[in-house]
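Colleague: Sequence below, structure please.
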Amino acid sequence: MVKGERKKARKFTSSNVPSKFERVGFVGLGNMGSRMASNLIKAGYSVAVHDINPTAVKTFSDSGIPTKESPWEVAETSDIVITMLPSSSHVSDVYTGPNGLLHRGNLLRPWLFIDSSTIDPQTSRRISAMVSKCALKEKKVSSLIMVYIDFWETPVMLDAPVSGGVLSAEAAKLTFMV
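Modeller: The predicted structure is shown next:
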């Protein structure tokens, strides 16, 4: 890059969404997560949701959005799973609990897990290591410019907390720190 030249930010819109982004699972429909999931739906993504709060789930089911009984069920229908949870213990439970995203062993459908919760780095590292030891049910051919490998053979987890608060989440203006 030439000095003074700015890097252009890449944006995905519903018209240029790669096929691997078609089915998004979202776990955690609190103040932030509900707005994030709603914005994905508005952008044209096929989203399935889960939360332990039946009221939060009902809001989505009343709108015709697929709701799942557990994080595992979300994973089974998703290419990507995004989690937005209140604490490290919640993230651990959603990933490794009895019906967690990883509870059935090391053969997974989602190729990408994005945790947007603000949690301690040790929990993120531990869960990321567990995800990276898994295998994908199907190999995914990469067509993304930002990924320079031919095939995904193992799922990936990104630690991607957000900044901006509820108003930014509502306006789809969050900043992700990946």
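
Colleague: tell me the secondary structure for the residue nearest the centre of the chain?
Modeller: Centrality entry for the chain: nearest residue to the mean C-alpha point is Ile82, 1.7 Å, by Cα atoms, centre = their mean. Classification of Ile82 by DSSP: H, G, I helix; E, B strand; the rest coil places it in strand.

Colleague: The nearest residue to Lys173 once chain neighbours are set aside: neighbouring residues, count only.
Modeller: Closest residue to Lys173 apart from its sequence neighbours, by Cβ to Cβ, 6 or more residues apart in numbering: Gly164 at 6.0 Å. The C-beta positions use only the backbone N, C-alpha and C, and glycine is treated the same way. The tally of other residues near Gly164 (other Cβ atoms under 10 Å) stands at 15.

Colleague: Ser128 now?
Modeller: Residues within reach of Ser128, counting by other Cβ under 10 Å, total 17.

Colleague: before we move on, the earlier item: is it true that the residue nearest to Lys173 touches Thr175?
Modeller: Yes: the pair Gly164 / Thr175 is scored as a contact, 5.6 Å apart, by Cβ atoms under 8 Å.

Colleague: sorry, back to before: tell me the contacts of the residue nearest to Lys173?
Modeller: With contacts defined as Cβ atoms under 8 Å, 6 or more residues apart in numbering, the neighbours of Gly164 are 173-175.

Colleague: Among these, which ones are in strands?
Modeller: Thr175 (DSSP state E).

Colleague: Most neighbours among the contacts of Gly164, which one is it?
Modeller: Leu174 (22 neighbours).

Colleague: what stretches of this protein score poorly on pLDDT?
Modeller: Counting by pLDDT under 70, the chain contains low-confidence ranges at 1-21, 139-152.

Colleague: Would you check that Glu153 makes contact with Glu138?
Modeller: No: shown here, Glu153 and Glu138 do not form a contact pair, counting by Cβ under 8 Å, at 10.3 Å.

Colleague: need the strands for the chain, in chain order.
Modeller: Assigned by DSSP E, the chain shows strands spanning 23-27, 46-50, 80-83, 107-108, 112-115, 135-136, 140-141, 151-152, 156-159, 162-163, 175-176.

Colleague: Any chance of CSV for those, columns distance to Phe60?
Modeller: Output for those, formatted as CSV (distance: least, Cβ to Cβ, whole Å):
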stretch, distance to Phe60
strand 23-27, 9
strand 46-50, 5
strand 80-83, 14
strand 107-108, 24
strand 112-115, 19
strand 135-136, 27
strand 140-141, 27
strand 151-152, 29
strand 156-159, 24
strand 162-163, 20
strand 175-176, 22
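
Colleague: To Arg125, which of those lies closest?
Modeller: With Cβ to Cβ as the criterion, Arg125 lies closest to strand 156-159 of those, at 8.1 Å.
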